[in-house]
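Enquirer: build me a model:
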Amino acid sequence: METAHFLQKDSIATQLIKIVFALYCVVAIFITTTQILLEYNHTKTQIHNELGINEKIFEPVLAVGLWNLDEEQIQSTLQGMLAIPIVTGIKIEQDGQQLKAMGVIKEQNSAIRHYNNLGEPVDVDLSNVSEIFSYSFAINYTFRSQAREVGVATVYSDSSAVLERVEMGVMLLIINSIVKTIALWVLFFYVGRRILLRPLNKLIDAIQSVDFNTLGKFDIKLKSKRKNELTVLQDSFSSMLNQLADARNKIVNLNNNLEYTVEKRTLDLKMAKEEAELANRSKSIFLSRINHELRTPLNAILGCSQILHQQLNGPQYEAQRQMVDHTVQAGEHLLMLFEDIMTIVVMNGSDVTIELETFDLNKVINASTTMVHTLAIEKNITIDTSSVPLSVYANANRLRQVLINLLSNAIKYNHTDGNVTITTGIFEKNRVMITVKDTGVGIAGKDTGKIFEPLHRLSFAQDNSIEGTGLGLSIVRSLIFKMNGTINVDSKLGIGSEFIITLPMSKE
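Expert: Numbers count the residues shown, from 1 in each chain. Okay, the predicted model is just below:
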C-alpha cells in the first residue's frame, strides 16, 4: 500500500505549509513595504532639512553677487551648490521673475526643465524624474545695517537622492525577509516531518494494513514523547480495533448459530407450508362438501314448503299455512346465513379473483331494486331511482349482490313510510359514483368505523330483533375493493344514512 509523504499534494503537511507560508508572505511583504516607505519618508525629511543648510552657507555670497550684479560670482556659487550630492537644481528669482537657474528645476508653470552650468535650458529626457521637492529661502543683503531682500533662492532635490541613501537599507530589509522565510520553511519542514508526518505515516500504514477477516489484538506505537492529539488518536484507534476484533468474533459465532437457526427454521417452514397446503386442501374439500350437504336439504325444505304453501288453500288450513310460512322464513334465513358465511370464507381466500367487464349500470340497479321490492312493500318504503346512462367496469353479479345488501339494510333500518334513493353520476375522470340514501334511524358517529367489521351489529338491530348476521357490510366492502372501488358512509343518528360507492368506468 502507498505511504503518505510530506510533500504529497493532498497531505496535511503540504496544506499547512501552503496556508502558513501564504499568510507569512502576506505579512512579510506588508511589513517590509511599510518599513521601506517609512525609511523613504524619513530620508526624504532628512534631505529636505539638509537643503536648508544651503541657506546659511550660500545666502551671504548670493546676496553680495545679486547686489553687485556680479553674474560670474552668482554662477560660480550656483555651481558650488550643485556640487552637493543631494542638490539636483537651483533657481534664483527676483520680483517673481526667474533670474538664474541651473540643474533640474520646476518652473512657475510647474513644468520641469533642465539648465546647464551656463544657465541655459537644455532639452533632456526627464521622464525618469519621479518626484521633485524643494527648499526656498530669501536672499537678504545688509546695507547700512538694514537688510534688504534682493531675491529668492530655491534649492531642488528629487527621489533619486533619497533612493541612493535608502538603497542599502532596502536591500538589507529584503535580504532579511528572504533569510527569515527560508529559515522558517526549513524549520517547519523539519518539525512537521518529525512531529507530524512520521507518526501520521505510521498511523496510515497501520490503518491500511487492517483486514477485518484477520483482526486480532492490535497496538500502535508512534514513539511520541509527549501527550498530544496523535497519541490520543493512537490509543483510540488501537482500542477501536480491539473492540472490532471482539465484535468480529461475536459475529462469527452468531453467524454460525444463525446458519443453524436458519436451516432449522427453513425446515420448520417447509413442514408448516406442507401442513398449510394440506389444511387448505382439506378446507376446500370441507367447503365443497358442506356446501353440497347444507344446500341440498335446505333447497328440499324450501321447495317442499313452498309447494305445500300453495296447496293449503282455504280457511280450514290457516293454522297449517302459518306453520309452513314460519318454516319457509326459517329456511330462507338459514340459507341467507349460510350464503353470507360462504361468501366471507371465499372472499378471504388469497386465490379468489373476480372477473371484471364493462356493462350497463342501470340494468344492475333495476334488477337489484326488483329483488327487494317485496321487502319494501311490507314496510311501505318508497324506492326512488335517479340515474343517467352509464357504463361501469366491474362484475355485474357481485355489484348486484352489493346493492341488494345495501338496499335491504336501507329498508330494514328505515321507518315505516320511509324513503330510499339511489343516484348515479360521474365522480371524477373515468370513475362512477353510486349512492344509496335512506331516511332511517342512522348510525352514531362512534359506530361508523365498525359497521364494516364482520359480525358487528348495531344496537338498534339487536333491540328491535332485526334479522341479520352482521356479515353483509363486511362482504360489501370486500367485493367493492376487489372491483377496484371505494365505499364510504355518511350518517346522522335519527336522520338517515348515505353509502357512497365509486367504481371505474373502464379498465384502469
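Enquirer: quick one: low-confidence parts of the stretch 351-500 of the chain?
Expert: Across the stretch 351-500 of the chain, residues meeting the criterion (pLDDT under 70) sit at 351-352, 454-470.
Enquirer: which residue ranges form the helices in it?
Expert: If DSSP state H, counting those that start in this stretch is used as the criterion, the helices of the stretch 351-500 of the chain fall at 361-371, 373-378, 396-412, 459-463, 472-482.
Enquirer: quick one: closest of the ones you listed to Thr154.
Expert: Within the helices of the stretch 351-500 of the chain, the stretch nearest Thr154 is helix 472-482; the backing value is 110.9 Å (Cβ to Cβ). Every C-beta, even on glycine, is put in place using the N, C-alpha and C of the backbone.
Enquirer: what's that closest one packed up against?
Expert: helix 318-347, helix 396-412, strand 486-492 (3 or more Cβ pairs under 8 Å, 6 or more residues apart in numbering; DSSP states H and E).
Enquirer: CA atoms only for that helix - export them in PDB, please.
Expert: Provided in PDB are the C-alpha atoms of helix 472-482 (Å, rounded to 0.1, in the frame of the first residue of the first chain):
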ATOM      1  CA  GLY A 472     -73.400  -8.100   5.000                       C
ATOM      2  CA  LEU A 473     -71.400  -4.900   5.100                       C
ATOM      3  CA  SER A 474     -68.100  -6.800   5.500                       C
ATOM      4  CA  ILE A 475     -69.000  -8.700   2.400                       C
ATOM      5  CA  VAL A 476     -69.900  -5.400   0.600                       C
ATOM      6  CA  ARG A 477     -66.500  -3.800   1.400                       C
ATOM      7  CA  SER A 478     -64.600  -6.900   0.300                       C
ATOM      8  CA  LEU A 479     -66.400  -7.100  -3.000                       C
ATOM      9  CA  ILE A 480     -66.000  -3.300  -3.700                       C
ATOM     10  CA  PHE A 481     -62.200  -3.500  -3.000                       C
ATOM     11  CA  LYS A 482     -61.800  -6.500  -5.300                       C
END
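Enquirer: how far does it sit from its chain's centre?
Expert: Here the centre of helix 472-482 is set off from its chain's centre by 43 Å, with Cα atoms, centre = their mean, to the nearest Å.
Enquirer: any idea which residue of the protein is furthest from its center?
Expert: The outermost residue of the chain relative to its centre, with distances by Cα atoms, centre = their mean, is Arg144 at 98.9 Å.
Enquirer: least confident secondary structure element in this structure?
Expert: Scoring the helices and strands of the chain by mean pLDDT, DSSP states H and E places helix 459-463 at the bottom, with a mean of 53.
Enquirer: which other helices and strands contact the helix ranked longest in the chain?
Expert: The longest helix of the chain (DSSP state H) is helix 229-311. Contacts defined by 3+ Cβ pairs under 8 Å, 6+ apart place helix 229-311 against helix 198-208, helix 318-347.
Enquirer: this structure - how does it break down into domains?
Expert: Annotated domains of the chain cover 1-207, 354-504 [automatic domain parsing].
Enquirer: buried deepest among these, which one?
Expert: Per-stretch averages of neighbours, counted by mean count of other Cβ atoms under 10 Å, single out domain 354-504 among those, with a mean of 17.
Enquirer: report how far apart the opening and closing residues of that one are.
Expert: 15 Å (Cα to Cα, to the nearest Å).
Enquirer: before we move on, the earlier item: mean pLDDT lowest where, among the helices and strands packed on helix 229-311?
Expert: Lowest mean pLDDT of those: helix 318-347, a mean of 66.
Enquirer: any idea of the pLDDT on Val152?
Expert: As summarised for this prediction, Val152 has a pLDDT of 90.
Enquirer: got the contact list for it?
Expert: The neighbours of Val152, taking Cβ atoms under 8 Å, 6 or more residues apart in numbering as the test, are 92-94, 136-139.
Enquirer: partners of the host helix or strand of it in the sheet?
Expert: In this structure, Val152 sits in strand 146-158 according to DSSP states H and E. Within its sheet, strand 146-158 is paired with strand 89-94 (antiparallel), strand 132-143 (antiparallel), according to DSSP bridges.
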